[in-house]
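**Q** Only the shape, not the letters, is given here:
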């Protein structure tokens, strides 16, 4: 399973990632593990179904000989895990015993005792932490390779590195400077049938987008057993890798996105064509709109989203006159006056407080930033569990 961006996933897979296991709301009858083409449109009512019918067989089901009266039966000397704590967000409570952690939620034991390789050309806090925690949660040991230590295309070619990692590890995550490097590694991983996950490139950031839509569902308390409500996301700033993946994730679910960016930092015709192709594939009625007016973009938005103004690889703020170009696109108290009163704010972090977002906003009750950061781990763990049953 190669996940280079959100459009590598089907609608069913995206919906699966949105909900905690065991809720019985997945449209499993149309599941086709051999195809990435969606067969069910998000937003339509899905009748509850037995958890054991889900594509990840046994997801949400406790191990039979350790389940009694809603509690995981502990080993000798262990403290029982209450039923209410047995969700993905709290699954790390059981990490002292990987077999217990996995069997509590998932029938597959694919990653128990395995290793996962994390390749990081870029510095990372949230992605690396999430990768490590999620790997451990599914019973695997994360092994990291950083910067010059691995030397992609300087010490060894990307292809040779991918060959070695596929021989040693059961899953590879790669946070790379160039998306073309990911594609080259993906060709090798496909030969081995090894899962390869894009942990960020200059083109896309799919694991961030998964965390983002999980956060929106949580914040708005959306019941996925009912039709998914329409909403609008306003993305302000540089139309970059984060924005590209966010637009695709929102489109799949049926949410409209307005991207507000200054000239020279907006999506082009190729991106718009790609969004439209994915929208049709998902049978979605979502709309993607572009503007250079921040106030107009947020006027009907329930979610206001921003990222740093300097794209990957730039020297810093002030490069190419970045601050001047983006003046007026910051999410601050003034811009919030143009948004609905119940609109909330997101930022993928790290943030430059006082630049693309005001400190008073990021620390306010209208901010979902820390829930969003928490959900990086939730998203990564759910993605690993989905992958465990896919290949």
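**A** Structure received. Predicted model only: the values in this text are computed from it and were never measured.

**Q** Just the strands from the stretch 151-300 of the chain, written as ranges.
**A** Here the stretch 151-300 of the chain has its strands, by DSSP state E, counting those that start in this stretch, at 171-175, 196-200, 232-236, 256-260, 288-291.

**Q** and of those, who's closest to residue 144?
**A** Of all these, it is strand 171-175 that lies closest to residue 144, at 9.5 Å by C-beta to C-beta. Every residue, glycine included, has its C-beta placed from N, CA and C.

**Q** Now do the closest one against strand 196-200, angle only.
**A** Relative orientation of strand 171-175 versus strand 196-200 (axes from the mean of the first three to the mean of the last three C-alpha atoms, to 10 degrees): 20 degrees.

**Q** Partner strands of strand 171-175, with direction?
**A** The strands beside strand 171-175 in its sheet (DSSP bridges) come out as strand 115-120 (parallel), strand 196-200 (parallel).

**Q** out of the ones you listed, nearest to residue 143?
**A** Across the strands paired with strand 171-175, closest to residue 143 is strand 115-120 (C-beta to C-beta), at 5.3 Å.

**Q** Tell me the helix or strand right after the closest one.
**A** Going down the chain from strand 115-120, the next helix or strand is helix 126-137, by DSSP states H and E.

**Q** Give the other helices and strands that that next one contacts.
**A** Counting contacts by 3 or more C-beta pairs under 8 Å, 6 or more residues apart in numbering; DSSP states H and E, helix 126-137 is packed against helix 98-103, strand 115-120, strand 141-146, strand 171-175, strand 196-200, helix 206-219, helix 369-388.

**Q** in the stretch 201-350 of the chain, which ranges drop under the pLDDT threshold?
**A** 311-322 (pLDDT under 70).

**Q** Run through the helices of it in chain order.
**A** Using DSSP state H, counting those that start in this stretch, the helices assigned to the stretch 201-350 of the chain run over residues 206-219, 241-253, 269-281, 294-298, 322-325, 333-336.

**Q** Which secondary structure elements does the second one sit against?
**A** Pointing back at helix 241-253 there. helix 11-18, helix 206-219, strand 232-236, strand 256-260, helix 269-281.

**Q** before we move on, the earlier item: any idea which of the helices and strands packed on helix 126-137 scores lowest on pLDDT?
**A** Lowest mean pLDDT of the helices and strands packed on helix 126-137: helix 98-103, a mean of 40.

**Q** I'd say residue 347 and residue 361 touch.
**A** No. At 9.0 Å, residue 347 does not count as touching residue 361 under the criterion of C-beta atoms under 8 Å.

**Q** Compare neighbour counts for the two and give me the winner.
**A** Ranked by neighbour count (other C-beta atoms under 10 Å), residue 347 and residue 361 place residue 347 first, with 25 against 22.

**Q** My guess is residue 247 contacts residue 258. True?
**A** No. Taking contacts as C-beta under 8 Å, residue 247 lies outside contact range of residue 258: 10.0 Å.

**Q** who has more neighbours, the two?
**A** Using other C-beta under 10 Å as the criterion, residue 247 and residue 258 rank with residue 247 on top: 27 against 22.

**Q** List the residues that contact the closest residue to that one other than its chain neighbours.
**A** Spatial nearest neighbour of residue 247, chain neighbours left out: residue 257 (5.0 Å); criterion: C-beta to C-beta, 6 or more residues apart in numbering. For residue 257, the contact set (C-beta atoms under 8 Å, 6 or more residues apart in numbering) comprises 232, 233, 234, 235, 246, 247, 250, 251, 286, 287, 288, 289.

**Q** repeat for residue 140
**A** By C-beta under 8 Å, 6+ apart, the residues touching residue 140 are 98, 111, 112, 113, 114, 115, 116, 170, 171, 384.

**Q** got the domain boundaries for the chain?
**A** Following automatic domain parsing, one gets these domains for the chain: 115-200, 207-373.

**Q** To residue 13, which of these lies closest?
**A** Of all those, it is domain 207-373 that lies closest to residue 13, at 9.5 Å by C-beta to C-beta.

**Q** and the closest one, how far out from the chain's middle?
**A** Counting by C-alpha atoms, centre = their mean, to the nearest Å, domain 207-373 is centred 14 Å from the centre of its parent chain.

**Q** The chain should start at 214 in everything you say after this.
**A** Sure, I'll start numbering at 214, so the last one becomes domain 420-586.

**Q** Tell me which of the domains of the chain sits nearest to residue 231.
**A** domain 420-586 (5.5 Å).

**Q** Quick check: end-to-end length of that closest one?
**A** 11 Å (C-alpha to C-alpha, to the nearest Å).

**Q** what's the spacing between the closest residue to residue 508 other than its chain neighbours and residue 468?
**A** Leaving aside its sequence neighbours, residue 508 sits nearest to residue 551 (C-beta to C-beta, 6+ apart; 4.3 Å). Separation of residue 551 from residue 468 (C-beta to C-beta, to the nearest Å): 20 Å.

**Q** Which one of those two is surrounded by more residues?
**A** The residue with more neighbours, out of residue 551 and residue 468, is residue 468; 25 against 17, by other C-beta under 10 Å.
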